[in-house]
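>>> Fold the following for me, if possible:
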Amino acid sequence: MSGSTARLNAINAVTNYKPITEPLNFRDKTASEIFGSNVFGLPVMKERLPKAVFKSLMKTIEAGEPIDESIADTVAAAMKAWAIEKGATHYTHVFFPLTGLTAEKHDSFLSPDYAGSAIAEFTGDQLIQGEPDASSFPSGGIRATFEARGYTAWDVTSPAYILENPNGTTLAIPTAFVSWTGEALDKKTPVLRSMQALDTQARRILKLFGHSNIARVYATGGAEQEYFLIDRNFFFARPDMVNAGRSLFGAPPPKGQELEDQYFGAITERVLACMLESEHELLKLGVPIKTRHNEVAPAQYELAPVYENANVATDHQQMVMITLKRVAQKYGMECLLHEKPFAGVNGSGKHLNWSLGNATQGNLLEPGETPHANAQFLVFCAAVMRAVFRHSRLLRAVVAHAANDHRLGANEAPPAIISIFLGEQLTDVFEQIAKAGTAKTSKPGGVMNVGVDTLPPLPRHAGDRNRTSPFAFTGNKFEFRAVGSSQSIAGPLVALNTIVADSLDYCATELEKSSKGDPKKLNDAVQKLVQAIMKECSAIIFNGDNYDEAWHKEAQKRGLPNLRTTPEALQAITDKEVIDIFKKYKVLSKRELESREEIYLEQYVKAVKIEANLTLEIGRTMIFPAVIRYQSELAATCANLKAVGYSFDTDTLDMITNHVKALQDNLNALEKAMGGAPHGSTLKHAEYMRDKVLVAMLEVRKVADVLEGHVADDLWPLPTYQEMLFIK
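Okay, here's the model as predicted:
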């Protein structure tokens, strides 16, 4: 297929691949025996801790009560003993800085005893608090570089676990990360704050409905993870993949995804082996992996967990990304988490399934068989609708980054317009309430007869699904489909928890005023409340095709914002109403919000700058020399033919020559554009990178991709889409 040495070597390595590690002994232990085996979870704590200490911890984990610091030494001793039995020599406070990645600093259990030996120590103080250097993490102006002190604080609600390595293990302790002033420098702290706010307001609603035994209400999250797997030989032959995570050049292959033969197709042996080991490792860490399958694009796959406590789900998602990348390398593959690693085929998302519930009342977004008669559900669902309508700009902002801009609005992802899909049944119920103040019926699901005698009748849901919707109700939860595949789900969770807490606060206040504590008046109060919310917020409901251009025009008429790019979307983080509610519920202060807007704008600028530098480097040092060599071969052939008297045309040489000139000119224009970036405002810099630099990069790519289709294959220096996507 290719004469280029690097590409031939890569293809040879793929086609002659042999596993570099021994296969798993999957018959040794069942999945249920493996699950949570490396987690200091409830079963281990119950077994190893004194009853009083265990009960105290459970009050914090399940009821949200403040932790009793006096038990820390006992917990630390038990945790250390368990970890050492697992082979641990070190411990680390795992935290999640505003890079969106996972951070950890490892410390040894061993301390010298000054008698020529060492003892293993791990105290309650070491468990509760660590002090990593905060100066080199993004703070958005909260901390100056010379103000280095930061603290990690043990998150009791997310269990400690063991990190395995062929040469040893490490005890990993999930923590929050804050500055010396107590301001959040991480992703976890605001998640915990927002869940506290959600709990407070949800309990108010439940009390109005007569519940007295109310367990802590928590958000739940389950993020479906899409990703690509390509051979590492191809990966390392592409500087753009190595440094930017996506291909900055690449002509469309003769075959893409148009035959729709990849989706849910049979998984190849090598890929399935990688998936199985990834799942094996994640099960040991207590990550409730449920689903795996081929995705739509060639070489694209998906892994999905059962949804769980949102804070734990956030930690687990970071583990998923790390594990996928680590295990893929063992099978000679690279896991690509970028939202759009290949142009022209589907990109990757991380659909976030969100709901709220507790141990006593269950899932609070469960409509039941007759949602029209389920007043409690109607209130919670209406509160979510109101939250999304009032803060759709914020929801767009929390999924905004350079990589996701390439995906949102394409045919595999929702557009930048935030709307809600409710489905036929719920839309009908809420429309009845909007018109008449009450709903008397719910459309039934019924039974579907397949028309084959040997197949049983199938129960049918009351409404279809909508894969084009950015925020869709899917039975007993909402699916936020706009989240990008490389993102932490913390930001979207913080936004959802906080805006829903605000709406529940509003609903509780209105119901308290209308019903005045009289249960008999509650039903009328609910109907009036839901009717008012529908009249205010019905514009956010759309059950049709979100890709349709007609919807974009309709959304504009409805007044729904369409924030197409990251620079315009991120400004919503510091909208006055956002600052007000985040301050009201003590989730993030004005300064903390401003710092995040600054950090994310800066990250956008840096991402585009890296890609632009790579475009120049690859264009000038790899593509341009290859094209010049081909041009030289064509010119020599023309000269030889002319010398022996043959008549011929020079169309191909002329075309190549014109494109060589265009490539050179476009590379120079990109370099000039990069030198013209404004100083001062980070927002202005981001807008310039979007409007000038990205446009100039695209012009370089257009010419290079045309040349790829004409230059002799043995001269083209980069692995092609055809090779990377289809050679497995």
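>>> quick one: stretch 645-663 to chain centroid distance?
47 Å (CA atoms, centre = their mean, to the nearest Å).
>>> Contacts made by it with the rest, please.
By CB atoms under 8 Å, 6 or more residues apart in numbering, the residues outside stretch 645-663 that reach it are 619, 623-624, 627-628, 630-631, 634-635, 638, 641-642, 700, 703-704, 706-707, 710-711. From N, CA and C alone the C-beta is placed, and that goes for glycine too.
>>> Equivalent analysis for stretch 153-160, please.
Looking at stretch 153-160 with CB under 8 Å, 6+ apart, the contacting residues turn out to be 39-42, 57, 60-61, 67, 79, 83, 93, 127-129, 171-178, 188, 192, 286, 309, 311-312, 315.
>>> do that again at 7 Å, thanks
With contacts defined as CB atoms under 7 Å, 6 or more residues apart in numbering, stretch 153-160 is touched by 39-41, 57, 60-61, 67, 79, 127-129, 171-176, 178, 188, 286, 311-312, 315.
>>> Can you say which helix or strand has residue 369 in it?
Following DSSP states H and E, there is no helix or strand that holds residue 369.
>>> Repeat that for residue 18.
Judged by DSSP H and E, residue 18 forms part of no helix or strand.
>>> and what of residue 353?
Using DSSP H and E, residue 353 falls in strand 352-358.
>>> What average pLDDT does the helix or strand just after that strand get?
With elements assigned by DSSP H and E, the helix or strand that comes after strand 352-358 is strand 362-363. For strand 362-363, mean pLDDT rounds to 94.
>>> again, but for stretch 261-268
Rounded mean pLDDT across stretch 261-268 is 87.
>>> what's that stretch in contact with?
Stretch 261-268 is touched from outside by 275, 293, 294, 295, 296, 297, 298, 728, with contacts defined as CB under 7 Å, 6+ apart.
>>> can you check stretch 40-53 too?
Residues from elsewhere that reach stretch 40-53, judged by CB under 7 Å, 6+ apart: 54, 57, 71, 74, 75, 78, 79, 82, 159, 160, 161, 286.
>>> Kindly export that stretch (C-alpha atoms) in PDB.
C-alpha atoms of stretch 40-53 as PDB (Å, rounded to 0.1, in the frame of the first residue of the first chain):
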ATOM      1  CA  PHE A  40     -10.800   0.400  50.400                       C
ATOM      2  CA  GLY A  41     -14.600   0.300  50.100                       C
ATOM      3  CA  LEU A  42     -17.400  -0.300  52.500                       C
ATOM      4  CA  PRO A  43     -16.900  -4.100  52.800                       C
ATOM      5  CA  VAL A  44     -13.200  -3.700  53.600                       C
ATOM      6  CA  MET A  45     -13.800  -0.800  56.100                       C
ATOM      7  CA  LYS A  46     -16.600  -2.700  57.800                       C
ATOM      8  CA  GLU A  47     -14.200  -5.700  58.300                       C
ATOM      9  CA  ARG A  48     -11.100  -3.700  59.400                       C
ATOM     10  CA  LEU A  49     -12.400  -0.800  61.300                       C
ATOM     11  CA  PRO A  50     -13.900  -0.800  64.900                       C
ATOM     12  CA  LYS A  51     -17.700  -0.600  64.800                       C
ATOM     13  CA  ALA A  52     -17.800   2.900  66.200                       C
ATOM     14  CA  VAL A  53     -15.300   4.200  63.700                       C
END
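>>> just the buried members of the contacts of stretch 645-663?
Buried residues within the contacts of stretch 645-663, counting neighbours by 16 or more other CB atoms under 10 Å: 619, 623-624, 627, 630-631, 634, 638, 700, 703-704, 706-707, 711.
>>> Now the two most distant members of the residues you listed.
The most widely separated members of the buried ones among the contacts of stretch 645-663 are 638 and 700, with 27.4 Å between them, by CB to CB.
>>> Counting only helices, which of the contacts of stretch 40-53 make the cut?
54, 57, 74, 75, 78, 79, 82 (DSSP state H).
>>> burial measure for the third one, as a count.
So the one you mean is residue 74. Neighbour count for residue 74, taken as other CB atoms under 10 Å: 18.
>>> what does the last one give?
Residue neighbour count, defined by other CB under 10 Å, stands at 18 for residue 82.
>>> what's near enough to touch it?
Neighbours of residue 82 in contact, by CB under 7 Å, 6+ apart: 40, 44, 48.
>>> Now do the buried residues in the lengthiest strand in the chain.
Identified as the longest strand of the chain according to DSSP state E is strand 168-179. Buried positions in strand 168-179, judged by neighbour count with 16+ other CB under 10 Å: 169, 170, 171, 172, 173, 174, 175, 176, 177, 178, 179.
>>> for stretch 587-600, same thing?
So, applying 16+ other CB under 10 Å, buried residues of stretch 587-600: 587, 588, 589, 592, 593, 594, 595, 596, 597, 598, 599, 600.
>>> Wasn't the second one part of a strand?
Going back to what we said before, that points to residue 588. No: secondary structure of residue 588 (DSSP: H, G, I helix; E, B strand; the rest coil): coil, not part of a strand.
>>> So for it, what's the nearest residue that isn't a sequence neighbour?
Excluding its sequence neighbours, the residue lying closest to residue 588 (CB to CB, 6 or more residues apart in numbering) is residue 582, at 4.5 Å.
>>> What is the burial count for the one you found?
A count of neighbours around residue 582, defined by other CB under 10 Å, yields 27.
>>> Surely it touches residue 498?
Yes: Residue 582 is within contact range of residue 498, at 6.1 Å (criterion: CB atoms under 7 Å).
>>> thinking again about what came up before, can you tell me which of the buried residues of strand 168-179 comes closest to residue 280?
The nearest one, if we look at the buried residues of strand 168-179 relative to residue 280 and count by CB to CB, is residue 169, at 15.9 Å.
>>> The closest one pairs with what?
Using DSSP bridges, the bridge partners assigned to residue 169 are residue 88, residue 164.
>>> mind checking the end-to-end distance for stretch 129-136?
Its start and end residues considered, stretch 129-136 measures 19 Å (CA to CA, to the nearest Å).
>>> Off-centre distance for that stretch?
Counting by CA atoms, centre = their mean, stretch 129-136 comes out at 25 Å from the chain centroid.
>>> again with stretch 121-128
Centre-to-centre, stretch 121-128 and its host chain are 33 Å apart (CA atoms, centre = their mean).
>>> same check, this time on stretch 340-358
6 Å.
>>> Check stretch 200-215 too.
32 Å.
>>> And for stretch 31-46?
In this view, stretch 31-46 has its centroid 26 Å away from the chain centroid, taken as CA atoms, centre = their mean.
>>> Buried ones in that stretch, by neighbour count?
34, 35, 36, 37, 38, 39, 40, 44, 45.
>>> same check, this time on stretch 606-621
Using 16+ other CB under 10 Å as the test for burial, stretch 606-621 gives 607, 608, 611, 612, 614, 615, 616, 618, 619, 620.
>>> closest to residue 568 among those?
Scanning the buried residues of stretch 606-621 for proximity to residue 568, where the rule is CB to CB, the winner is residue 608, at 14.8 Å.
>>> hmm, back to that, what would the buried residues of stretch 31-46 look like in TSV with pLDDT and secondary structure?
Formatted as TSV, the buried residues of stretch 31-46 follow (pLDDT from 0 to 100; DSSP: H, G, I helix; E, B strand; the rest coil):
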residue	pLDDT	secondary structure
34	92	helix
35	93	coil
36	93	coil
37	95	coil
38	97	coil
39	97	strand
40	97	strand
44	96	helix
45	95	helix
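>>> I'd like to know which of these is nearest to residue 668.
Using CB to CB, the buried residues of stretch 31-46 come closest to residue 668 at residue 38, 54.5 Å.
>>> wait, that closest one sits on residue 162?
Yes: Residue 38 lies in contact with residue 162 (CB under 7 Å); the separation is 4.0 Å.
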